[in-house]
Every structure is written in structure tokens, then in C-alpha cells.
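> Here you go, sequence then predicted model.
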Amino acid sequence: MQFKTKELNQAVDVIAPDGSEIRLLAEMPGGSAVHCTLPPGGISKAVRHRSIEEIWFFLSGKGEVWRALDGDSECVPVCANSIVTIPIGTHFQFRNTGDSPLRFIIATMPPWPGEDEAVRVRDYWPLGSTT
């Protein structure tokens, strides 16, 4: 059948290369979608993607997202209803600054190709820092 229907799995399907919790939602030839969670106080590892781009839609929690590409760099606050884009090659890192999990949906185009897609880059926030 060409249609897919699914409920969000409460169990973590995989830990992303950046360290966040990923629950798989759906995949089609043009893209895929996942549900991402970062616990309170959590800081992801900084990475860049080799061949995909993403759109993030934040559902709950509070945090910050740092992005850098071609000499442009910014750090923005995020919360429920915030949307950020991650163009191909962007260095990025995110952290949870609130008291509850930071949760968001990631649309990936094309679909996530595998673990080698994420390349580790220099952290904006040192891992283990709280400021």
C-alpha cells in the first residue's frame, strides 16, 4: 500500500550522531521526518551535514540553536512554534535551556542517508557547559 499511518513511538529508535534522541516518523522518496528530543541541560555535539538539508519545527521546551555557513553565524532562541532551517553544509549545535525536554520535528530532504552523513565540527558550546 502507498499510504503510511503511524503513532509516535515513545521508545527512542536511535541516538543521532549529535547525541539527541530520535523517534522515526515516516520516510518517502523525497524526504523523511523524525521526532527529536534533547533533555533538560542537554547540549548536542556540533555537526554539519554532507548532502541533506533540514527544517526543524519546535513543539515544546526552550533552547538555543547555533548555525554557521559561509561566514554567517547566528545563535537564536527557540521554543514552541519556532522554525529553523539547516541548509546543506551548515555547522550547527543546539542546547536545551529549559526545565523540560526540548522537542521538535525534523523534516529531512532527501531522506537521511545514514550515520556517515553527519560530520563532527568544532563545538559552539563546549559539551558539559551550562552557560
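Sure thing, it's come through. Just so it is clear, the model here is predicted, and its values are computed rather than measured.
> so where's the chain uncertain?
1, 129-131 (pLDDT under 70).
> If we use 50, what do you get?
The chain contains no residues with pLDDT under 50.
> Which positions in the helix or strand where F58 lies come out as buried?
According to DSSP states H and E, F58 maps onto strand 53-60. Within strand 53-60, the residues scored as buried using 16 or more other CB atoms under 10 Å are E53, E54, W56, F58, L59. (C-beta placed from N, C-alpha, C; glycine too.)
> what angle sits between the very next helix or strand once past it and strand 53-60?
As assigned by DSSP H and E, the chain's next helix or strand after strand 53-60 is strand 62-69. Relative orientation of strand 62-69 versus strand 53-60 (axes from the mean of the first three to the mean of the last three CA atoms, to 10 degrees): 170 degrees.
> by contact count, what packs against the following helix or strand past strand 62-69?
Sequence-wise, the next helix or strand downstream of strand 62-69 (DSSP H and E) is strand 72-79. The helices and strands touching strand 72-79, judged by 3 or more CB pairs under 8 Å, 6 or more residues apart in numbering; DSSP states H and E, are strand 53-60, strand 62-69.
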